[in-house]
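K.L.:
no sequence on hand, only this structure:
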């Protein structure tokens, strides 16, 4: 990738991320639904703040690990959902890109992993930070520029390869 394209891609990500964080901030990030609250009570095994002094240190540690584990799992689910390729390339649901483009995406992804891994990690890291603050239905928008760029790179490399074979 040309350095200008890399800079442009990161700049687009920051602009999209800031605008999504401003207009679609997730205020329910650290609030639990009723199902998650029930799961939390089942995990605690009846340990509450009132009777913590009556239990051993291992149970206290288990109580706090379970208490914070549900929030970290919630963040992990939020971050991993937009990284699933089935969201973008899918036969059955609303697909954003035609399934025929998937080989071009894979070629572009392999090229980027081989030659520009640091920029790929930077993009995914910055978009993961923005993903934590945006509501779940809008997180896919952060990855559109990356996927489109990888498809264009794959298309360029495959057409260049075809032109080499013709000569």
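P.N.:
The structure has been received and is ready for your questions. Computed from a predicted structure; not experimentally measured.
K.L.:
all strands of this structure, in order?
P.N.:
Counting by DSSP state E, the chain has no strands at all.
K.L.:
nearest the geometric middle of it, what residue?
P.N.:
Closest residue to the average C-alpha location of the chain: residue 79 at 3.6 Å, with Cα atoms, centre = their mean.
K.L.:
just confirm that residue contacts residue 130, I think it does.
P.N.:
No - counting by Cβ atoms under 8 Å, residue 79 does not reach residue 130; the two are 10.2 Å apart. Every C-beta, even on glycine, is put in place using the N, C-alpha and C of the backbone.
K.L.:
low-confidence ranges, the chain, go.
P.N.:
1-2, 27-33, 36-67, 91-95 (pLDDT under 70).
K.L.:
and the helices in it?
P.N.:
3-23, 34-44, 57-80, 102-115, 117-133, 144-166 (DSSP state H).
K.L.:
let's have those in TSV, adding distance to residue 96.
P.N.:
Below are those laid out as TSV (distance: least, Cβ to Cβ, whole Å):
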stretch	distance to residue 96
helix 3-23	15
helix 34-44	29
helix 57-80	18
helix 102-115	12
helix 117-133	16
helix 144-166	8
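K.L.:
go through those and name the closest to residue 86.
P.N.:
The closest of these to residue 86 is helix 102-115. By Cβ to Cβ, the value is 10.6 Å.
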